[in-house]
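A.B. asks: just the structure for this:
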Amino acid sequence: MGQKQYERILNRYYDLYTKHSIPESPVLKHHLVQGILPGLAYYQILREDGKPQESALEKIDQTFEEMYSGYAKRMQRLGRLPLFYPILRAYIRTAMKEYPAEGWVMEWQQVDGDAIRFRMNTCFYYNTLAAYGATELTASFCRVDDLIYGGMSAQVLWQRTQTIGRGAEFCDFCFANARKADK
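C.D. replies: Model prediction:
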């Protein structure tokens, strides 16, 4: 992107930030300030510059892929640890504190040697983007999960069939133990 477009995105971000009610929760604030509003600002500028919705979303997806490729590589390195699935299983509830009930209504379904499964029945990203009339952008944030977890480890199978951001009533998450799935 050029310097002028970059400055417009920064200005839009600042405008969104100053007009949006900032959550008291530091975790929700982080999601809003570091994730949702920057993505929304970029998307809005792309649309204002005449990009059709599909093209703008493709550009967002490309940008997110570049932004999160380093994180995906870190997860792949962790995924090579011996006994990665048991480590993930022990850590998952702590990790999910990054998605507090004020923003996501989560329902644990399974945490055992076979799989880690849970549902998100509401989504802070979707609800925030809905307030801006940009729910279609939520799927790009969902795609980040697929990028990070899809190739994370030969020991873990990332399985998800639906997300709120892609039009479903809930998001399903499953980290299946690949050793058990092979049997």
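A.B. asks: from here on, contacts and neighbour counts on C-alpha atoms
C.D. replies: Noted.
A.B. asks: following the helix ranked longest in the chain, which helix or strand comes up?
C.D. replies: With secondary structure taken from DSSP state H, the chain has its longest helix at helix 53-79. Later in the chain than helix 53-79, the nearest helix or strand by DSSP states H and E is helix 84-95.
A.B. asks: quick check: buried residues in that next one?
C.D. replies: In terms of neighbour count (16 or more other CA atoms under 10 Å), helix 84-95 has its buried residues at 84-85, 88-89.
A.B. asks: average pLDDT across it?
C.D. replies: Helix 84-95 carries an average pLDDT of 93.
A.B. asks: got the CA coordinates for that helix in CSV?
C.D. replies: Extracted C-alpha coordinates of helix 84-95, given in CSV (Å, rounded to 0.1, in the frame of the first residue of the first chain):
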residue,chain,number,x,y,z
PHE,A,84,2.5,-32.1,22.2
TYR,A,85,-1.1,-33.2,22.4
PRO,A,86,-0.9,-33.8,26.2
ILE,A,87,0.8,-30.5,26.6
LEU,A,88,-1.9,-28.7,24.6
ARG,A,89,-4.6,-30.6,26.6
ALA,A,90,-3.1,-29.4,29.9
TYR,A,91,-2.7,-25.8,28.7
ILE,A,92,-5.9,-25.2,26.7
ARG,A,93,-8.1,-24.0,29.6
THR,A,94,-5.5,-21.4,30.5
ALA,A,95,-5.0,-20.3,26.9
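A.B. asks: so which elements touch it?
C.D. replies: Helix 84-95 sits against no helix or strand, with contacts defined as 3 or more CA pairs under 8 Å, 6 or more residues apart in numbering; DSSP states H and E.
A.B. asks: now that helix, how far from the chain's geometric center?
C.D. replies: Remark: helix 84-95 is offset 18 Å from the chain centroid, using CA atoms, centre = their mean, to the nearest Å.
A.B. asks: what angle do that helix and helix 53-79 make?
C.D. replies: Computed with axes from the mean of the first three to the mean of the last three CA atoms, to 10 degrees, the direction of helix 84-95 lies at 120 degrees from that of helix 53-79.
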